[in-house]
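Colleague: Mind folding the following:
(chains A, B, C and D)
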There are 2 protein chains.
Amino acid sequence: MRIEDEIHQKNFKDDYRRLLANLLFTNNWLNQQLMPFFKDLGLTLQQHNVLAILRGQQPDPVCFGDIQNRMVDRNSNVTRLIDKLIEKGYVTRDICQTNRRMIEVRITEPGMRKLGQVDENFPKLFAKLHNLTQEEAVLVSNLLDKLRG
Amino acid sequence: MRIEDEIHQKNFKDDYRRLLANLLFTNNWLNQQLMPFFKDLGLTLQQHNVLAILRGQQPDPVCFGDIQNRMVDRNSNVTRLIDKLIEKGYVTRDICQTNRRMIEVRITEPGMRKLGQVDENFPKLFAKLHNLTQEEAVLVSNLLDKLRG
DNA sequence: GTACATTACTTGTATATACAAATATTCAAG
DNA sequence: CTTGAATATTTGTATATACAAGTAATGTAC
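Modeller: Numbers count the residues shown, from 1 in each chain, chains lettered A, B, ... in the order given. Predicted coordinates:
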């Protein structure tokens, strides 16, 4: 459905304004697909992002700063995110012995199992993006890279 | 900058996962451009969105439901948004006399002037989107329309 | 014309976000 | 070896969001 119809706006002053509205609207649409998906699995999008980062570095730990730099959403409060993940038993935190300002975060076995469970369900999530062909997905992605400069 | 470099991830399992990360990351990037822009002008993105909708219907009023349906961000709480805009003197609210469940919202003269001030500053905001050519902007926008189905 | 569903908006609340200030450790200069 | 700057994380707080429940007016069936 065209963005004009989605937000009941007949036309835009120029193509950049249409793009801006479209990016914001599409992000909202995307969040409405993602939030219930992760909620059903007992995670938030950001919590999943952290777990995936930790799995990627296994068996090495990752410190808060590195987690922040690798997150898709840079505004997340890593301290509080990790608190939640510890509550759920999916990660551990230890003070780094070589630099005691830093915190070493590691994913636990239950955390790995939870990620595995998410992976099993991913196909039904990604099915929602398959209105685009693979070539179109690559094209949009590259243009977004270009947009950010 | 490629999304792989932005979030320090060597590669993605497939092009749809790369697209998903890229859409979310780009939205965060976009918000970091938009938020200070509107903050400097004493508005939030959603407040501006409402004002623009009201100007579009002038001199007719717009009810809450219609505002919601035309907003880029459908999750906004229109009641509280309007409360803020009344506080600032940019809109008025009246009970609709033909259907007293409905609220008629209208933009005020100060609201129009504020919108005018935003318009004056828009070029410097949209400059940030000009890493894409006009053709590319159209292309991305159309592909986003297609993505949502 | 009364009862029940529907519509339109409001309120409450738990959680999340943005952003600034605080703490605690290490580094670096003299 | 002390002082001040830099780094890494934590805490505080005001505002925003998601979502469920509440209220009030209208529509509809009998």
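Colleague: Now do stretch A:57-68: distance from first to last residue.
Modeller: 14 Å (CA to CA, to the nearest Å).
Colleague: Briefly note if it comes near DNA strand C.
Modeller: No: under the criterion of CB under 7 Å from any atom of the strand, DNA strand C is not reached by stretch A:57-68; the shortest gap measures 11.5 Å. For the C-beta atoms, the positions are set from N, CA and C on the backbone; glycine is no exception.
Colleague: Please apply the same query to stretch A:101-108.
Modeller: Yes: using CB under 7 Å from any atom of the strand, stretch A:101-108 comes into contact with DNA strand C via A:Arg101.
Colleague: So for that stretch, what gets flagged as buried?
Modeller: Buried residues in stretch A:101-108, counting neighbours by 16 or more other CB atoms under 10 Å in any protein chain shown, are found at A:102-108.
Colleague: Equivalent analysis for stretch A:21-35, please.
Modeller: A:21-30, A:34.
Colleague: That one near DNA strand C anywhere?
Modeller: No: legend: contact between stretch A:21-35 and DNA strand C by CB under 7 Å from any atom of the strand is lacking; minimum distance shown is 9.6 Å.
Colleague: so for that stretch, what's the average pLDDT?
Modeller: Averaged over stretch A:21-35, pLDDT sits at 96.
Colleague: Output the buried residues of stretch A:101-108 as CSV; include the columns pLDDT and secondary structure.
Modeller: Supplementary listing: the buried residues of stretch A:101-108 in CSV, determined by pLDDT from 0 to 100; DSSP: H, G, I helix; E, B strand; the rest coil:
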residue, pLDDT, secondary structure
A:Met102, 96, coil
A:Ile103, 96, strand
A:Glu104, 96, strand
A:Val105, 97, strand
A:Arg106, 97, strand
A:Ile107, 97, strand
A:Thr108, 97, coil
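Colleague: how about CSV for those, with distance to B:Leu115 added?
Modeller: Putting these into CSV (distance: CB to CB, whole Å) gives the following:
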residue, distance to B:Leu115
A:Met102, 48
A:Ile103, 47
A:Glu104, 51
A:Val105, 46
A:Arg106, 51
A:Ile107, 49
A:Thr108, 52
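Colleague: ok, back up a step: quick check, nearest of the buried residues of stretch A:21-35 to DNA strand D?
Modeller: A:Asn28 (7.4 Å; CB to the nearest atom of the strand).
Colleague: Assess the claim that the closest one and B:Asn49 are in contact.
Modeller: No: under the criterion of CB atoms under 8 Å, A:Asn28 makes no contact with B:Asn49, lying 11.7 Å away.
Colleague: which phi and psi does A:Arg93 have?
Modeller: In terms of degrees, to the nearest 10, the main-chain angles of A:Arg93 are phi -130, psi 140.
Colleague: In terms of helices and strands, where is A:Asp60?
Modeller: Counting by DSSP states H and E, no helix or strand carries A:Asp60.
Colleague: got it, and A:Leu132?
Modeller: Using DSSP H and E, A:Leu132 is not contained in any helix or strand.
Colleague: Quick one: residues contacting it.
Modeller: Listed by CB atoms under 8 Å, 6 or more residues apart in numbering or on different chains, the contact partners of A:Leu132 are A:140, B:19, B:143, B:146-147.
Colleague: Out of these, give me the two with the largest separation.
Modeller: Comparing all pairs in the contacts of A:Leu132 by CB to CB, the longest separation belongs to B:Leu19 and B:Lys146, at 12.3 Å.
Colleague: Neighbour count: those two, which is higher?
Modeller: B:Leu19 (26 against 15; other CB atoms under 10 Å in any protein chain shown).
Colleague: how much space between the more buried one and A:Phe25?
Modeller: When distance is defined by CB to CB, to the nearest Å, B:Leu19 is 16 Å away from A:Phe25.
Colleague: same deal with A:Ile53?
Modeller: From A:Ile53 to A:Phe25 the distance is 28 Å (CB to CB).
Colleague: Repeat that for A:Thr79.
Modeller: 32 Å.
Colleague: Same question for A:Glu120.
Modeller: From A:Glu120 to A:Phe25 the distance is 30 Å (CB to CB).
Colleague: and if you look at A:Lys114?
Modeller: A:Lys114 is 31 Å from A:Phe25, by CB to CB.
Colleague: Give the burial count for A:His48, as a bare number.
Modeller: A:His48: 19 neighbours (other CB under 10 Å).
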